[in-house]
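Visitor: Based on what follows, work out the 3D shape:
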Amino acid sequence: MNSKHKKQQGLTLPEVLIAISIIGVLVGIFSTALTGNIKLMTKTGQGNQAAEVLNYFGRRVIDGDTIVLATESAPAVWDYGDLVGSFYDQAARSSFSNPAYYKVTVTHKGHITLSTAQLTEYQIDVCYKNQGEPTCIQGITYGPDLNDPERTSQLLGIS
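Guide: Residues are numbered from 1 along each chain as shown. Predicted coordinates:
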C-alpha cells in the first residue's frame with residue numbers, strides 16, 4: 001500500500017514578506033505622486049482665481065467705478081481679507097478660491113492721449129500666498145481718470 005502525504009500548499013513567510021514589501025513600495029510611490037498632484041492643482045487653481053480677480057478689477061476700472069480707481073498720488077489697495085468686506089459680489093468661497101486669500105493693488109500710471117481722447121493707464125496687481133510666499137500677477141488697462149467729469153458707466157449690469 002502506497003501512502004502519500006499531501007503537502008500543504010500556501011505561501012511561505014519569506015514570500016509573504018516580499019509581497020508586503022512590494023505593496024509598501026507601490027503605496028509609497030502612489031502617495032508621493034498624489035501629494036505632488038494635489039499641490040500642483042492648488043497652485044494652478046490659485047493662479048486661475050487670481051486671473052479672475054484681475055479681470056474683475058479690470059472691468060471695474062474700464063467702467064470708471066470710483067471704488068477701484070486710483071489717484072496719481074495714492075494707489076487703491078485691498079489687503080488680504082479686505083475683498084469680501086469691500087465688494088459684496090465677491091462673497092467668500094471655499095479653499096483657494098476664497099477672495100480673502102488675495103491682495104489687490106490698482107496703481108495710476110499716468111495719462112495717454114489718442115487724437116483728442118485722453119485715457120488713464122492703470123496697473124492692477126493681484127497677489128496670493130503660495131506656500132507662504134506671495135505670488136503676483138499683473139495687468140495693464142485703460143479707463144477714465146477718477147476726476148474726469150465725463151466719466152460714465154459703460155458696462156451696466158456687468159460685474
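Visitor: In terms of helices and strands, where is residue 108?
Guide: strand 102-114 (DSSP states H and E).
Visitor: meant to ask about residue 122
Guide: Counting by DSSP H and E, residue 122 is found in strand 117-130.
Visitor: when you compare where that strand runs with where strand 102-114 runs, what's the angle?
Guide: If you take axes from the mean of the first three to the mean of the last three CA atoms, to 10 degrees, strand 117-130 sits at 160 degrees to strand 102-114.
Visitor: Going by neighbour count, list what's buried in strand 117-130.
Guide: 119, 120, 122, 123, 124, 125, 126, 127, 128, 130 (16 or more other CB atoms under 10 Å). C-beta coordinates here come from the backbone N, C-alpha and C atoms, glycine included.
Visitor: sorry, back to before: packing partners for the strand holding residue 108?
Guide: Helices and strands touching strand 102-114, by 3 or more CB pairs under 8 Å, 6 or more residues apart in numbering; DSSP states H and E, are helix 13-62, strand 76-78, helix 82-86, strand 117-130, strand 133-143.
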